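K.L.:
Got a sequence here, can you model it:
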Amino acid sequence: MARKTIACASCRRQKIKCIHEGLPPCRSCSKKGRIEPGQCVLTSPILSQPSRCPPPSTSQRTNLPSVSGDSHAAVGTGTTPVRQRANAQRHASDSNDVLFQRDGTELIRACLVFKRKFPELRFLHLPTISKSLRNLQSLKSLESPALQTFFLSIMAVHAVLGKDKARLSTADQFATAVRDRVTVLTPPSLVTVQTLLVLSMYEWGVGNRQQAWLSSGMAIRMMQSLQSMTACTEHQPEDLNVHNRTLWSCFIMDRLIFSGMPQPYALSCNSLRTSWPSSEEDFVFGLPPVSSRHATAGRSLLDDMPGNMANSYNVLVRGFDIWARILQWVISGGRFLPDMSLPANCPWNPTSPWALLYQELQAWRSLLEERMLFPKVSVESHAALEQAEPFAYVNLVYYISLIFLNREYLPFLPTTCDRPSGPIDPPLLPPDAPVGWWDARATELFASAGSITTIMEDLDNAGASLHTPFPSFCVFSAVTMNMYRSAFPWMSPDKLQDGRSLVEKNLVWLDTFRKIWPVGERWWLTSQRTKQLYDHASADLERYQGRARTDFDALEASMHDCRRRRPSVDEYRDLNPDASLIRDSTSTRLEEQGLCETNCNGDMPEMTWQSDMGWSQLWPLWDQEDSGYLVYSGLSPNTECL
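P.N.:
So this is what the prediction gives:
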């Protein structure tokens, strides 16, 4: 009978009882000195399943190829299903053999890049990884299948960021190998949770929204099961820190990638019985967290927050939680929620939902040391210390939060305004806003968009470019506000940097990003379409006067059809019966792709726009797959970009 206990590979081979407390190393491996990570991995056995296929019927047996010259010829040409399956398996095996030839040096280099470029997933303990991989001849030499799969996921992301012409194809091979090796039946382990988090980030970047959400969800559920199984188990300090940071990485990904509908997050801050992340130095040296504080009800999110660069991950976790609640309020309806126009809920009222979120964001910001504040401190200063990326992330979270809060009340098309004001389409607000309140909101909004642009430009100049999904979404959101300010300059009360130059920088940056990560293609295209709409609206104010969000229901319904498909050309034309949306020469391609064609220079072809075009592009959201909503941000569950 097959053994069903959890054991390590060494004990299984020796057919001895594997004695452990639920975590490696087991007693046998400890005695033999096999205590390094990856040397003792506890897994459940793979139980063989009896074949359920019935024996072939008489008619089926008569159709089987006979041992004749014809049958050998058929097999030789590879036309039989058996030979085709064998060929496919052989090709897959050959491909996997190539993937597994990566040596320790290459894997360490990939881990270093991942740690720098993805500050939201800060669970890699590089000293342990370097020690384990230093003399590794190939990935295949690793005894642990779970560790093999983890490094395959790291290599998938690393390949995308590389300079190889076939990088996307190579990355897809790595990702495919990971998908084949991780299923819902994979035994829970911390390494597998980390693998799923990395895979989720990869899926998001290549535009697989549904797979990104599912991978993130699997990681979260697996982490929750691990917590329940190991709650009473003693941990080494370095293991405890890795476990802690992996949990907080799940917490962040829960807020970055979700279904887009107003729903509770899988992980709430008050329910996590764990310490805040330790400092970078303590994490590297394997010291236990200094703060034993657990996130519990009755404690403020910002209690005891150390606002310095050494604790940047601690700061980032709390910042993402605030950003997520701002996002939750916005996609739940924002100012369109019931009773939001009542005096008690006006944004300038200190107890309104908008004001409470704004106050918490500013309280988080106020706890940061001056060295963490942009533009008081430059990106170049932190780049000299190799910490430009986490510094940028902390500030990007702040500025993207300000953009979403302040643009919620920005007039849709300010054709009847001569200065910053509140919404001019229902639901309207009482006219008793404090003097200068709308000027302050506009100044803050456009300054935030400008700051995001400058941060990303400074990162490029400092050799610390962040061509990854979250920073790129920040640029995507910033460019729409820079376009708005450029088209309607009277909505900006201060003499800020010229909007056109900011727009140009944003578009150049997004153009670079879309050539790295496929998800950037739609963001760049949406930015181009938004620019055209603003240009047309600003050039013909009278024609667009009085247009409100409700005038764009047709486009919104078409782009978010419940059948989860892209709108056809006819449906686009139905929205604008007296206008030609696109040239006839591009009609077929639009119908096939649901997109407007770009010319060889990367510019959008000139189109005739009516005011009915583009509401979903004005306040663009994350992005969405045809198979379901996977929104990162926006105004409502039904407002998506493409």
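
K.L.:
Run a quick neighbour tally on Arg335.
P.N.:
Here the number of neighbours of Arg335 (other CB atoms under 10 Å) works out to 21. Placement of C-beta: from N, CA and C, glycine included.

K.L.:
and the gap between it and Pro347?
P.N.:
Arg335 is 8 Å from Pro347, where distance means CB to CB, to the nearest Å.

K.L.:
shared neighbours of these two, anything?
P.N.:
Counting by CB atoms under 8 Å, 6 or more residues apart in numbering, the shared contacts of Arg335 and Pro347 are 354, 409.

K.L.:
Show me the shaky parts of the stretch 51-200 of the chain.
P.N.:
For the stretch 51-200 of the chain, the stretches flagged by pLDDT under 70 are 51-96.

K.L.:
ok, which stretches of it are helices?
P.N.:
Assigned helices in the stretch 51-200 of the chain, in chain order: 58-62, 69-77, 81-99, 104-117, 126-133, 145-160, 167-181, 190-205 (criterion: DSSP state H, counting those that start in this stretch).

K.L.:
Return the list of helices and strands in contact with the fifth one.
P.N.:
Here helix 126-133 is seen to pack against helix 104-117 when contacts are counted using 3 or more CB pairs under 8 Å, 6 or more residues apart in numbering; DSSP states H and E.

K.L.:
tilt between the helix it packs on and helix 126-133?
P.N.:
Between helix 104-117 and helix 126-133, the angle comes out at 160 degrees (axes from the mean of the first three to the mean of the last three CA atoms, to 10 degrees).

K.L.:
quick one: buried residues of helix 104-117?
P.N.:
Of the residues in helix 104-117, 104, 106-108, 110-111, 114-115, 117 count as buried by neighbour count, 16 or more other CB atoms under 10 Å.

K.L.:
and of the helices of the stretch 51-200 of the chain, who's closest to Leu226?
P.N.:
For Leu226, the closest of the helices of the stretch 51-200 of the chain is helix 190-205, at 6.4 Å, according to CB to CB.

K.L.:
Return that closest one as CSV; C-alpha atoms alone will do.
P.N.:
Coordinates of the C-alpha atoms in helix 190-205 are reproduced here as CSV (Å, rounded to 0.1, in the frame of the first residue of the first chain):
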residue,chain,number,x,y,z
LEU,A,190,5.8,28.6,1.4
VAL,A,191,7.9,28.2,-1.8
THR,A,192,4.8,27.4,-3.8
VAL,A,193,3.0,30.5,-2.4
GLN,A,194,5.9,32.6,-3.6
THR,A,195,5.9,30.9,-7.0
LEU,A,196,2.2,31.7,-7.4
LEU,A,197,2.8,35.4,-6.5
VAL,A,198,5.6,35.7,-9.0
LEU,A,199,3.4,33.9,-11.6
SER,A,200,0.5,36.3,-10.9
MET,A,201,2.8,39.3,-11.5
TYR,A,202,3.9,37.7,-14.8
GLU,A,203,0.4,37.0,-15.9
TRP,A,204,-0.7,40.6,-15.2
GLY,A,205,2.2,42.0,-17.2
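
K.L.:
which of the buried residues of helix 104-117 lies closest to Gly307?
P.N.:
Closest approach between the buried residues of helix 104-117 and Gly307, by CB to CB: Lys115, at 21.9 Å.

K.L.:
What ranges in the stretch 501-642 of the chain fall below the confidence cut-off?
P.N.:
Along the stretch 501-642 of the chain, the model assigns pLDDT under 70 to residues 548-642.

K.L.:
Domain map for this protein?
P.N.:
The chain is divided into the following domains under automatic domain parsing: 1-45, 90-260.

K.L.:
still on that earlier bit, turn the buried residues of helix 104-117 into CSV, columns for distance to Thr183.
P.N.:
Converted to CSV, the buried residues of helix 104-117 look like this (distance: CB to CB, whole Å):
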residue, distance to Thr183
Gly104, 28
Glu106, 27
Leu107, 24
Ile108, 28
Ala110, 24
Cys111, 25
Phe114, 24
Lys115, 27
Lys117, 28
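
K.L.:
Greatest separation within these: which pair is it?
P.N.:
Top of the distance list for the buried residues of helix 104-117 (CB to CB): Gly104 and Lys117, 20.5 Å.

K.L.:
sorry, back to before: tell me which of the helices of the stretch 51-200 of the chain approaches Pro489 most closely.
P.N.:
Smallest distance to Pro489 across those (CB to CB): 35.1 Å, for helix 190-205.

K.L.:
Also compute the angle for the closest one relative to helix 145-160, please.
P.N.:
Going by the same axes, to 10 degrees, helix 190-205 makes 30 degrees with helix 145-160.

K.L.:
Give the next helix or strand downstream of helix 190-205.
P.N.:
Using DSSP states H and E, the next helix or strand after helix 190-205 towards the C-terminus is helix 209-229.

K.L.:
so that next one versus helix 145-160, what angle?
P.N.:
Going by the same axes, to 10 degrees, helix 209-229 is angled at 150 degrees with respect to helix 145-160.

K.L.:
For Ser501, pull up the helix or strand it's in.
P.N.:
Here Ser501, judged by DSSP H and E, is contained in helix 499-514.

K.L.:
chain center to that helix, what's the gap?
P.N.:
Centroid displacement of helix 499-514 relative to its chain, using CA atoms, centre = their mean, to the nearest Å, is 21 Å.

K.L.:
can you check stretch 121-130 too?
P.N.:
Distance, stretch centre to chain centre, for stretch 121-130: 21 Å (CA atoms, centre = their mean).
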